[in-house]
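Participant: Structure of the sequence below:
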Amino acid sequence: MEETMEEMIPAEAESPEEEMEYVGFWARVGASLIDTLLVAALTWPVLTAYYGASYWLDDKLFKGPLDFVLSFVFPVTAVVAFWICRQATPGKMALSARIVDAKTGGKPSAAQCVGRYFGYIVAMLPFCVGILWVAFDKRKQGWHDKLAGTVVIRPKKKTADVAFEAGE
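Facilitator: This next block holds a predicted model:
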């Protein structure tokens, strides 16, 4: 039996004035690019100032403690903190998207947010199949979403015809 979008998204996820939709693969790629550029804009100048221009030519995995903190600890902490506090990173916020609990449509727990982040490792191991899964899943869930019990939603975009019929 084919489920309707209203049946697939929990009622609690919808506000009275708008319907929600699952966020697909390409929108999520765009959000990820925004987040990556923001992290790079914050960390790269500091790394270059501290380690010098040769930082970018060195083959070592870690150049020192500051490199480890800015390249690994900061991004993990920032992403999980945004998910816990805002249900979205800046990239998802730019798309009006948010992460919700897949069963209730409510705010995900801190444990779900942490599990979702580390679920990315599982999703990327087999040639990123778990990330690409978003493009084919009916609820647009990647493996990291399935493992954490989350979905990514946003207000459904109105088409010009619907807006015209509604008198807007």
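Participant: any idea of the mean pLDDT in the longest helix along the chain?
Facilitator: Using DSSP state H to define each element, the chain has its longest helix at helix 25-51. Throughout helix 25-51, pLDDT has a mean value of 97.
Participant: chain center to that helix: distance?
Facilitator: Relative to its chain's centre, helix 25-51 lies at 14 Å (Cα atoms, centre = their mean, to the nearest Å).
Participant: now for that helix, which elements pack on it?
Facilitator: For helix 25-51, the packing partners by 3 or more Cβ pairs under 8 Å, 6 or more residues apart in numbering; DSSP states H and E come out as helix 65-68, helix 74-86, helix 90-94. All C-beta atoms are positioned from the backbone trio N, CA, C, and that covers glycine.
Participant: now that helix against helix 74-86, angle please.
Facilitator: With axes from the mean of the first three to the mean of the last three Cα atoms, to 10 degrees applied, the angle from helix 25-51 to helix 74-86 works out at 130 degrees.
Participant: ok, now which ones touch Q87?
Facilitator: 98-100, 107-108 (Cβ atoms under 8 Å, 6 or more residues apart in numbering).
Participant: For these, which entry has the maximal number of neighbours?
Facilitator: I99 (25 neighbours; other Cβ atoms under 10 Å).
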